[in-house]
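1. Could you look at this predicted model? Sequence included:
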Amino acid sequence: MPTAYSQERKTMLTKDLVLYTTSGDRVVPKFINPQKESLLDFAGQMLNIFKSAEGKTRAELLEESKLVVDGAPCSAFVARGIQKLLFDRTEFDTAPNEELIQFRRELFTQTSRLLSEFEFSDFNEYKEKVNRTFLKSPEGISETLYADLPEYQQVTAFKSLSPERLLHRYNCAQVQGLLIRCNELELTLADSKAASLRQLFKYLRFHQLLATIRKGENSNFRITVDGPLNLFYKTQKYGLSLANFFPAVLHQESWQLQANIQINKRHSYHLQLDESSGLQPYSHQFLAYVPQEIEFFQENFCSKAEGWQIAPANSFIPLEGEIYCFPDFTLTHESGKEISLELFHPWHASHLATRLQQLENQTEPVLIIGAAKELLKDALIRQTVETSEYFSRFGFVFREMPTVERVKKVLMPVVDKQ
């Protein structure tokens with residue numbers, strides 16, 4: 001399954017390939033110059049190797065690209081980082097090979113039988129017996145036995161891009177590698193193009209990130225997103241989601257980013273970037289890819305919720321105190337009645353408590369709330385949910401994804417209020 005609107009399975013460099021400097025309490029990523037001729041030539045050589053790699057094994061591709069990396073006109077860290085990003089854009093044949101599985105089964109069965117039925121004077125005699133049984137040399141047996149290990153997997157596809165975009169991709173990955181270690185991320189965006197902002201918030205919701213959205217000075221939006229180090233639930237997955245989200249920011253005309261980055265579990269540094277940093281998008285806006293579980297939920301809803309339609313949310317909902325909510329879905333009844341659905345996943349504990357507090361004085365259904373059952377393991381959250389009048393009327397609990405029956409049960413009083 002492709003990853004979040006891009007085709008890349010991984011989004012950032014490993015820790016030893018993220019380069020930065022620190023000064024006082026600030027951390028500054030070390031970017032490369034995407035217009036530098038020697039770097040563009042190097043990126044072009046690497047791209048040519050990967051574009052012509054179909055049918056080659058992972059080991060062959062690694063060896064061929066390493067020759068160019070060793071002669072790169074930049075540091076080994078930068079060259080290896082670019083190499084890794086290209087491997088992340090490469091697809092390999094990882095499907096189970098039934099013939100190899102059967103061969104291994106037969107090999108282990110036959111060698112076990114030989115050891116139990118015959119006495120061998122030495123290991124060479126045993127190997128000769130195995131060779132005669134399978135009509136293969138020891139080298140041939142070894143090669144066949146391990147042919148589906150990662151280094152022998154063949155390249156099936158590569159998602160190419162231009163040399164300049166590859167260098168921009170590298171710079172973006174430097175920031176992503178830092179964001180996976182952040183405590184909190186704050187974005188300030190100019191309210192210039194509503195469509196562009198909606199696209200950004202769709203990225204947020206796609207990656208199951210919840211943010212506190214406020215309207216600031218000059219109609220700017222101020223968005224605060226919890227970092228993975230502030231969480232106690234699947235922080236690695238959340239950190240990857242946060243890093244995956246960052247490239248969407250680069251499509252905004254005017255943006256400012258601030259984050260607290262914790263390095264080596266001892267020192268906390270301040271990261272500050274804006275549109276003048278030289279970072280540029282390396283791809284088009286996200287594709288219309290929908291995860292399978294969400295697509296399944298939407299299809300089920302359309303077929304089982306008679307009179308209702310469902311679509312990804314496309315607008316903000318203003319709440320008390322200049323707070324805004326960007327829900328997951330908009331549900332539309334055939335009568336014209338609309339209601340939004342917002343889902344809170346296991347890492348959204350603080351956001352769920354805040355949202356219920358914001359809605360507690362509402363007598364009309366502003367939006368429907370779905371809370372992951374995992375959240376209720378926290379005693380404080382469970383108490384908040386159980387004592388919330390709003391949740392008792394317009395909320396429900398789900399496991400991995402909501403069921404249509406649970407959503408319909410909450411929708412019935414919404415229609416009755418017309």
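-> Arrived safely, thanks for sending. Numbering: from 1, shown residues only.
2. Show the subsequent helix or strand relative to the lengthiest helix in the chain.
-> In the chain, assigned by DSSP state H, the helix with the most residues is helix 98-117. From helix 98-117 onward toward the C-terminus, using DSSP states H and E, the following helix or strand is helix 123-134.
3. what's in contact with the longest helix of the chain?
-> Contact partners of helix 98-117, identified using Cβ atoms under 8 Å, 6 or more residues apart in numbering, comprise 126, 129, 130, 133, 134, 141, 144, 145, 147, 148. Glycine gets a C-beta too; all of them are placed from N, C-alpha and C.
4. any chance of those in a markdown table, with distance to residue 368 too?
-> Shown next, in a markdown table, are the contacts of helix 98-117 (distance: Cβ to Cβ, whole Å):
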| residue | distance to residue 368 |
| --- | --- |
| 126 | 69 |
| 129 | 70 |
| 130 | 65 |
| 133 | 66 |
| 134 | 63 |
| 141 | 61 |
| 144 | 57 |
| 145 | 55 |
| 147 | 52 |
| 148 | 47 |
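5. one step back: what residues sit buried inside the longest helix of the chain?
-> 103, 107, 111 (16 or more other Cβ atoms under 10 Å).
6. ok, residue 407 touching residue 396?
-> Yes: proximity of residue 407 to residue 396 meets the contact threshold set by Cβ atoms under 8 Å, at 6.9 Å.
7. what residues are shared contacts of those two?
-> 368, 370.
8. Between the two, which has more neighbouring residues?
-> residue 407 (23 against 18; other Cβ atoms under 10 Å).
9. and that one, what helix or strand is that in?
-> Going by DSSP H and E, residue 407 is part of helix 404-416.
10. Quickly name whichever of the contacts of helix 98-117 is closest to residue 31.
-> residue 148 (39.3 Å; Cβ to Cβ).
11. residue contacts, the residue of the chain most remote from its centre?
-> Most distant residue from the mean C-alpha position of the chain: residue 121, 56.7 Å away (Cα atoms, centre = their mean). Under the criterion of Cβ under 8 Å, 6+ apart, residue 121 has no neighbours.
12. and the gap between it and residue 341?
-> Per Cβ to Cβ, to the nearest Å, residue 121 is found 74 Å from residue 341.
13. Low-confidence bits of the stretch 1-150 of the chain, can you list those?
-> Residue ranges of the stretch 1-150 of the chain with pLDDT under 70: 1-12, 15, 138.
14. Where do the strands of it begin and end?
-> Taking DSSP state E, counting those that start in this stretch as the criterion, the stretch 1-150 of the chain carries its strands at 20-23, 26-29, 90-92.
15. If residue 27 is in a bridge, with which residues?
-> residue 22 (DSSP bridges).
16. Neighbours of it, how many?
-> 21.
17. so it touches residue 21, yeah?
-> Yes: using Cβ under 8 Å, residue 27 is in contact with residue 21, at 7.5 Å.
18. Nearest residue to the middle of the chain?
-> By Cα atoms, centre = their mean, the most central residue of the chain is residue 241, 4.2 Å off.
19. out of everything not next to it in sequence, what's closest to that one?
-> residue 207 (4.1 Å; Cβ to Cβ, 6 or more residues apart in numbering).
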